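J.: Have a look; sequence and predicted model below, questions after that.
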Amino acid sequence: MTPPKAPDPQDGTTPSAALSCADAPTITTIKRRADFLRAARADKQGTKSMLVQGRIRAPGEPVIRLGFTCSKKVGNAVARNRAKRRLRAAAREVVAELGRPGWDYVLIGKRDVTAERPYDALKSDLAYALHQLHGRAE
RNA sequence: GCGGAGGGCCGGACGGUCGCUCCGGUCGGGGAAACCUGGCCGGGGAGGAAAGUCCGGACUCCCCGAAGCAACGGUGCCGGGUAACGCCCGGGCAGGGCAACCUGACGGAAAGCGCCACAGAGAACAGACCACCGCCGGUUCGCCGGCGGCCAGGGUGAAACGGUGGGGUAAGAGCCCACCGGGGCGGUGGCAACACGGCCCGCAUGGCAAGCCCCACCGGGAGCAAUGCCGCAUAGGGACCCCGCGCGGGCUGAUCCUUUCGGGGAUAUCGCCGCAGGGCCGCUUCGGCCCGAGGGGUCCGGGUUGGCAGCAGGAGCCGGAUCGCGAGGUCCGGCCAAGAUGAAUGAUCGUCUGGGGCGGGUCCGCCCGCCCGACACAGAAUCCGGCUUACAGGCCCUCCGCGCGA
RNA sequence: GCGGGCAUGGUGAAAUGGUAUCACACGAGCCUUCCAAGCUCUUGGUGCGGGUUCGAUUCCCGCUGCCCGCU
């Protein structure tokens, strides 16, 4: 990583909020198996509809990384894809608000529940899990 | 109206809000450039099975020589369709169904080998055994012995050397007759599978080939994680084992010796050429290739995250005409229709219907009210043609049987 | 995605097309003061659905589940 031009978001409160998206942490996805395995060794919090793993990867970086995974226990390909899509949709809303920069989060779907739970409950499950993980990390 | 058979099709619609991916356009930001990155606008974005990966191809790489033979694997009534098929269409035969129609790995068992447990006299060579009949002899009269007949019968068994009926006979038997079945010969129809009828033969020859096999036909191997290019990294590796390092030419390119600098000589070593030799191409013949002083094997060490192409215009889709019973063929016109890679095509809300549930009415065809509200199987991964399997609900066409009415 | 293999008692393994066998485990009994070991006996099975055959664990077809490989 050689960020020569990054505007240094060390100061959490940038008063010039005209471009508010500039200081928000960028969100990327985890694609490498090794990253998933590292997250699996970190702290985890289960909820009714999902299991969330979170670890502090690089405290200084303004990047949140998200991973989504569903094993074959969740069901066939349709069920697995649907579960991951709902997790992605919920994470896009919740993590943008509550996620902490420099963290990796991995969301793991559960059979039937992830696909059928009401959307608001899905989001509150994720928010609860993030609070728990952040609380334990301090 | 009830019940059934076959074929085809659909498998939600519309609209907000927020998103994903690809393509095109446009406007920026960074950078010397290649290029990287962002906003906006427009457009495309799962299936009938995308599935299972069971067949057949296209396309790549490897092997790539020709002919014959062999091995291995597959297919298996006949004809046609097709790029090809184990698929499809038409026909035949067999079985099932009152019928529409359905089902069928459906070549060969007098080419050969093998198997047929248990039971049973006997399980594939057909005769032996028991029993039966006649005559003779004996007889404690229950039967026994000899000769002849050798056919029917013999609890069984999946299967028993034709079946049923009659005549015939001492008793019987294709011994004789009728029908059925079987075999042979030639005839007619059909491209053929096969069908039909005729004559002859009283008539010897089970089943299993999804057992080996025979016959006919087909078939190189691997697969897009193929393959090619770029980038990065490591390295021109190490250890051990096996086989081998033959002959000739100095050939001057090294090397060495010598030199009067023109050259001359040597051949141990490196290199070169030729031969012997070795190996490979399934086998043979012809032929070819490689090694030729190195080759082969095992292990260790290192690398493998990436980018682009392959990769979306094809045996393509739609419509029409025409040929064909049909599968399908030919011609004309129009269209371009996903391209991801921890893997997009979504999340959520609303309005509708298809439906579903509850209650009531009913002339029982149906009508009214309220509620739920899209919900089956299932997600492209190089691409096609098939097969198989899964599937809520619905629509259309044709046909059959029974009942009622005209 | 592509390719390959396997399925037999609770577990691990055998079975020319002809009664499914063996070991351990489980249960009961004998032995022992008791336990263990030993001995005897019993229970229990061909993954599912079809087909060929008189007869299928075996042969054929289709599903289901599990395992392995790819650079």
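T.: Sure thing, it's come through.
J.: In the longest helix seen in chain A, which of the residues would be classed as buried?
T.: In chain A, taking DSSP state H as the definition, the longest helix is helix A:77-98. Buried residues in helix A:77-98, counted by 16 or more other CB atoms under 10 Å: A:79-80, A:82-84, A:86-87, A:90-91, A:94-95. C-beta here means a position set from N, CA and C on the backbone, and glycine is covered the same way.
J.: got a list of contacts for the helix or strand that comes right after that helix?
T.: Sequence-wise, the next helix or strand downstream of helix A:77-98 (DSSP states H and E) is strand A:103-109. With CB atoms under 8 Å, 6 or more residues apart in numbering as the test, strand A:103-109 has contacts from A:30, A:35-36, A:38-40, A:42, A:50-57, A:64-71, A:74, A:80, A:83-84, A:87, A:91, A:95, A:99, A:115, A:126, A:130.
J.: Need the buried ones from the residues you listed selected in PyMOL.
T.: The buried residues among these can be selected in PyMOL (16+ other CB under 10 Å) with this line:
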select buried, chain A and resi 30+35+36+38+39+42+50+51+52+53+54+55+57+64+65+66+67+68+69+70+74+80+83+84+87+91+95+99+115+126+130
